[in-house]
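1. Provided below are the primary sequence and the corresponding predicted coordinates.
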Amino acid sequence: MKFNIQCLGMASKSFRIALTAVFGALVVIFDYSFKILQLKIPFPWFPTLKFDFTGVPIVLSYLFCDISCGGNVSLVAFLAIYMRSGDAVGAMTKSLAEFLTIFGMFLGARFKKLRRSIQYLLGAFLRCTIMALVNLIVLPVYPGIPVNLVFQLIPLTMAFNFIQASISILVAFFIFDKVKIFFKPGKAWFQ
């Protein structure tokens, strides 16, 4: 189900750079507009965590290009969140969580049967488990949450990460399926 830009007969390096720039710009627009317009939806059981659509362009960059494009767009997400908020730890955890989502999808793409389902499950699973470990390290140090409370929060943060990964992956799959019809082998999509 992975889309291969090289089959388009275009200068794939230029196309990859352009797509990375477009998806990076979308990450910045989504982050700033959702924050300014207060459209981020708080997670009911832990309101400091908020749902947004910043992960959708990151997943789309992976689907249209590859893991390196997705990684670059994740880096743009880190820079955008850090520049907006000044919170390096929050920016790092958000961009790391989104990168783990696409890395899990990347690992799932190796399976031929049920590829999308496995990509979805591995993306969500990797994000949830690694971010639980990151929270065990970061939360006691950065905001100073007691370790016993961090252990109690882990199921909530895992539920949040599963829902956020589901939003990013499922919305990106939907958009990808609607847009990929414009990319026909041997014909540039803009002609």
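-> Yep, it's here.
2. going forward, measure contacts between C-alpha atoms and count neighbours the same way
-> Will do.
3. report how many residues lie close to residue 99.
-> Burial of residue 99 is recorded as 27 neighbouring residues (other CA atoms under 10 Å).
4. adjust the sequence numbering to begin at 9 for everything that follows.
-> Got it, first residue is 9 now, which makes that one residue 107.
5. how near is it to residue 158?
-> Residue 107 sits 23 Å away from residue 158, going by CA to CA, to the nearest Å.
6. which strands and helices sit next to the helix ranked longest in the chain?
-> For the chain, the helix with the greatest residue count under DSSP state H is helix 155-187. Using 3 or more CA pairs under 8 Å, 6 or more residues apart in numbering; DSSP states H and E as the contact criterion, the elements in contact with helix 155-187 are helix 63-72, helix 96-116, helix 123-149.
7. most tightly surrounded among these?
-> Comparing the helices and strands packed on helix 155-187 by mean neighbour count (mean count of other CA atoms under 10 Å), helix 63-72 comes out on top with a mean of 28.
8. return it as PDB; C-alpha atoms alone will do.
-> Once side chains and other backbone atoms are set aside, the C-alpha atoms of helix 63-72 remain, and they are given as PDB (Å, rounded to 0.1, in the frame of the first residue of the first chain):
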ATOM      1  CA  GLY A  63       0.300  14.300  13.400                       C
ATOM      2  CA  VAL A  64      -1.800  14.000  10.200                       C
ATOM      3  CA  PRO A  65       0.800  15.800   7.900                       C
ATOM      4  CA  ILE A  66       3.500  13.800   9.500                       C
ATOM      5  CA  VAL A  67       1.800  10.500   8.700                       C
ATOM      6  CA  LEU A  68       1.000  11.800   5.200                       C
ATOM      7  CA  SER A  69       4.600  12.700   4.600                       C
ATOM      8  CA  TYR A  70       5.500   9.100   5.500                       C
ATOM      9  CA  LEU A  71       2.800   7.700   3.200                       C
ATOM     10  CA  PHE A  72       3.700   9.800   0.200                       C
END
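9. which residues sit against that helix?
-> Applying CA atoms under 8 Å, 6 or more residues apart in numbering, the set of residues contacting helix 63-72 from outside is 10-13, 27-28, 31-32, 34-35, 76-79, 81-82, 106-107, 109-110, 173, 175-177, 179-181, 184.
10. selecting buried members of the residues you listed in PyMOL, what would you type?
-> Once 16 or more other CA atoms under 10 Å is used to decide burial, the buried members of these can be selected in PyMOL as follows:
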select buried, resi 13+27+28+31+32+34+35+77+78+79+81+82+106+107+109+110+173+175+176+177+179+180+181+184
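11. any buried residues in the longest helix of the chain, and which?
-> Within helix 155-187, the residues that count as buried by 16+ other CA under 10 Å are 158, 161-162, 164-166, 168-177, 179-181, 184.
12. centre of the chain versus that helix, how much separation?
-> 9 Å (CA atoms, centre = their mean, to the nearest Å).
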